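Q: this one's sequence-less:
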């Protein structure tokens with residue numbers, strides 16, 4: 001995800017990465033459920049948005065380009081990554097996930 005920040009079209013880069021992320025998260029959630037059994041709660045989180053974090057807590061002054069990249073990262077997370085994670089974890093293996101909106105769903 002962070003590698004996409006230096007691309008000319010970071011949202012397209014994230015869109016291309018989402019299918020692999022979905023496959024990996026689905027496999028991970030299924031394996032965790034198999035290992036833990038049906039009664040153990042499994043917590044799912046979104047990835048950290050380090051680009052937004054760098055804007056909110058900058059170590060160097062923000063520039064117009066960094067501000068635009070932070071705004072683009074929000075679009076990528078809300079439109080691409082978080083929906084993909086929700087789909088990948090909407091299985092008997094994991095029944096919920098968390099967004100940066102701090103919504104805490106309940107386990108099945």
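A: In hand now; what should we look at? All of these numbers come straight from a predicted model, not from anything done at the bench.

Q: going forward, measure contacts and count neighbours with C-alpha atoms only.
A: Fine.

Q: correct me, but residue 88 touches residue 19?
A: No: counting by CA atoms under 8 Å, residue 88 stays clear of residue 19, with 9.9 Å between them.

Q: how about low-confidence regions in the chain?
A: 1, 90-108 (pLDDT under 70).

Q: which helix in the protein runs the most residues?
A: In the chain, with assignment by DSSP state H, the single longest helix is helix 10-36.

Q: which residues does whichever helix or strand comes after it contact?
A: Downstream of helix 10-36, the next assigned helix or strand under DSSP states H and E is helix 50-56. Contacting residues not belonging to helix 50-56 are listed as 2, 5, 62, 66, 67, 69, 70, 71, 73, 74 [CA atoms under 8 Å, 6 or more residues apart in numbering].

Q: name the next helix or strand downstream of helix 50-56, please.
A: That would be, after helix 50-56 and using DSSP H and E, helix 64-76.

Q: ok, now how distant is residue 79 from residue 42?
A: Separation of residue 79 from residue 42 (CA to CA, to the nearest Å): 24 Å.

Q: between these two, which one's more packed in?
A: residue 42 (17 against 13; other CA atoms under 10 Å).

Q: which phi and psi does that one have?
A: phi -120, psi 130 (degrees, to the nearest 10).

Q: touching, residue 10 and residue 16? I think so.
A: No: the criterion here is CA under 8 Å, and residue 10 misses it with residue 16 at 9.9 Å.
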